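Test case, fold it:
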Amino acid sequence: MRIPRFSALARQLRRKDLTAKNKNAETGRKTAPFIPGFMTDDHLVDEPLKNIPFKPNDIVQVIKPGPDFGKITRVHYVGDRMGVALENVGPKHTTVLPKSHWREGQTSYVYTFNGFTHPKDLRLITTVKDDKTGEMVHAAVNKLKLGEEYYDDRYKTRLRRRYVANTGGVSIPWPDPVDEVTEGNFVTPYDEARERTFFVTDATIPPVPKVALDSLRNPYAWKLKPDLTEEEIHRLTPPKMPLTEAKKARIAEVQALLKKQEERELSGEAERIRELTAKALKQRLDAADRLKKAAKQAEA
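Next comes the predicted model:
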């Protein structure tokens, strides 16, 4: 169907197209064409994702309508700003990858990688025990909610328990970590770290004995002077701001007054002024005393 150029429908379509272009110009990201898409933030969600109920090794099912609807796969990675990366499932992105960023076994500059899926487009697949047969069967959990915190010895950190929503407290454990989390040689066990061994008996006694202070800090640290280069000194020294004309005039006026006062001190004029002032004050005080005495005599 051919639309006349100056018809009302054509004007409406042109106006709609112009509005869309202006909106993209205001909110769209401008990225250089030679930068791969995965190296920019174009694939990130607008707001950080909070309380994601999935972790790597979870079995999930895609519930978003599309070519991957209904597929069951494993969670590969969970990112707060990107979403959930799945194994061999999810949106595909193709980009040109510089040779310095090639993966192992890559032979072409064109690189295809899996995108990220929003957690709301997934549901958890777990195994539960059938009450009738007693066998372990797979079940899909439509909605999860996170509860109280607890210490997970497998992840060596505090996690929030996850429950099936609207079921009255049916808990689903977190999956085993992909890599075993081991504690370092200098890490205090959780139970020992939570045990209290020090109690304050007197506010005047310091918590650390004086004998142990030298083992915690260098007693000669205050004598050490940092070695700064000329470039560092120049960078740390603040620049001198130029003075305005009003400030320059005020400084000149103050300096002239100080110079004049100094000249008076040297010439003895200031001393003479102080003597005259003291003499005038004494005369006024004597006159006041005489008036008081005259008033008392008149009353008598």
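
Run a quick neighbour tally on T188.
10 (other Cβ atoms under 10 Å). Backbone N, C-alpha and C define where each C-beta goes, glycine included.

whoops, R158 was the one
10.

so it sits right up against E148, yeah?
No - the pair R158 and E148 fails to qualify as a contact (Cβ atoms under 8 Å) at a distance of 10.2 Å.

could you pull out the helices for the stretch 101-250 of the chain?
Along the stretch 101-250 of the chain, counting by DSSP state H, counting those that start in this stretch, helices occupy 190-194, 210-216, 230-236, 245-267.

now the angle between helix 245-267 and the longest helix along the chain, please.
For the chain, the helix with the greatest residue count under DSSP state H is helix 269-299. Orientation check (axes from the mean of the first three to the mean of the last three Cα atoms, to 10 degrees): helix 269-299 against helix 245-267 gives 70 degrees.

which helices and strands sit right next to helix 269-299?
helix 245-267 (3 or more Cβ pairs under 8 Å, 6 or more residues apart in numbering; DSSP states H and E).

F113 bridge partners, please.
Legend: beta-bridge partners of F113 under DSSP bridges are H93.

Any stretches of the stretch 51-200 of the chain with poor pLDDT?
The stretch 51-200 of the chain contains residues with pLDDT under 70 at 180-184, 190.

rerun that using 80 as the cut-off
In the predicted model, the stretch 51-200 of the chain carries pLDDT under 80 at residues 80-82, 113, 128-131, 134, 167-169, 179-194, 196-200.

for it, what spans make up the strands?
Along the stretch 51-200 of the chain, the segments classed as strands by DSSP state E, counting those that start in this stretch run 59-62, 72-79, 83-86, 92-96, 110-114, 116-117, 122-129, 136-141, 144-152, 157-164, 171-172.

how about the fifth one: buried residues?
Counting neighbours by 16 or more other Cβ atoms under 10 Å, one finds that the buried residues in strand 110-114 are Y111, F113, N114.

Contacts made by it with the rest, please.
36, 38, 76, 85-97, 102-103 (Cβ atoms under 8 Å, 6 or more residues apart in numbering).

Which one of the helices of the stretch 101-250 of the chain lies nearest to E275?
Ranking the helices of the stretch 101-250 of the chain by their distance to E275 (criterion: Cβ to Cβ) puts helix 245-267 first, at 13.5 Å.
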